[in-house]
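Asks: Need coordinates for the below:
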Amino acid sequence: MTTPPPPRAVLDACVLFPSVLREILLDVAAAGGFTPLWSARILAEWQLAAARKGPQAAATAQTAIAALRARWPGAEIPAAPEIEARLDLPDPADRHVLATAIAGGAALILTRNLRDFPARRLAPEGLCARAPDDLLMELWLADPGPVETAVARAVAATEAASGRAQPVRPLLKRAGLPRLGKALG
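Replies: Below is the predicted model of the structure:
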């Protein structure tokens with residue numbers, strides 16, 4: 001009996017920035033929880049969001065994006081303007097995310113902006129939008145090890161960068177993972 005491959009999931013820019021959330025998601029992906037996908041435009045949106053925080057944040061994002069592309073060389077899906085042109089979403093600026101998911105054969109869009117991706121618009125494409133907290137809770141309940149390891153790495157990295165202790169629950173809450181923080185805190 002073969003195990004099915006992990007689901008393919010497009011990571012929206014809002015889950016790539018901030019870093020704690022991104023690192024947890026990518027560590028869980030590396031452990032086989034899902035296969036991450038994105039487009040050059042999604043990465044550019046992340047870069048733009050970081051640039052609003054200042055030049056140092058922009059430089060950090062640029063470095064992180066280069067590392068991301070090196071770590072996941074097959075994850076970047078080419079633009080699909082022909083798909084994007086036929087899509088309709090509440091925010092037209094999000095059509096490229098859905099087009100990336102369709103072009104990449106994804107099952108999920110991981111986003112913190114669920115209302116921008118209504119189920120009635122995604123279902124005909126065989127897709128659903130999920131909040132990272134919901135997906136990580138589901139994966140943790142099924143197999144706690146990879147999620148706990150990813151969280152421990154994120155906590156250690158944040159502690160090293162800040163020079164102070166980082167309790168799990170508040171750190172995960174700030175990262176947009178309140179349910180997971182409550183479960184692990």
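Asks: Counting neighbours, which bits of the lengthiest helix in the chain end up buried?
Replies: Criterion DSSP state H: the longest helix present in the chain is helix 144-162. For helix 144-162, the neighbour count (16 or more other Cβ atoms under 10 Å) marks 146-147, 150-151, 154-155, 158 as buried. Using the backbone N, CA and C atoms, a C-beta is placed for each residue, glycine as well.
Asks: Poorly predicted segments of the protein, please.
Replies: Within the chain, the stretches with pLDDT under 70 are 1.
Asks: can you give me the strands in it?
Replies: Remark: strands assigned in the chain by DSSP state E are 8-11, 35-37, 108-110, 128-130.
Asks: Show me what the second one pairs with in its sheet, parallel or antiparallel.
Replies: In the sheet containing strand 35-37, its partner strands are strand 8-11 (parallel), by DSSP bridges.
Asks: Save the strands of the chain as a markdown table, and put in mean neighbour count and distance to residue 89 too.
Replies: Shown next, in a markdown table, are the strands of the chain (neighbours: other Cβ atoms under 10 Å; distance: least, Cβ to Cβ, whole Å):
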| stretch | mean neighbour count | distance to residue 89 |
| --- | --- | --- |
| strand 8-11 | 25 | 13 |
| strand 35-37 | 23 | 18 |
| strand 108-110 | 24 | 11 |
| strand 128-130 | 20 | 10 |
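Asks: Out of the ones you listed, the one nearest residue 59 is which?
Replies: Closest to residue 59 of the strands of the chain is strand 8-11 (Cβ to Cβ; 21.2 Å).
Asks: I would like the residues contacting the closest one, please.
Replies: 22, 25, 29, 34-39, 42, 77, 97, 100-101, 104-110, 130, 135 (Cβ atoms under 8 Å, 6 or more residues apart in numbering).
Asks: Same question for stretch 71-84.
Replies: Against stretch 71-84 from outside (Cβ under 8 Å, 6+ apart): 10, 26, 30, 35-41, 43, 68-69, 95-96, 98-100, 102-104.
Asks: Now which of these would you call buried?
Replies: Listed as buried from the contacts of stretch 71-84 are 10, 26, 35-39, 41, 43, 68, 95-96, 98-100, 102-104; burial here means 16+ other Cβ under 10 Å.
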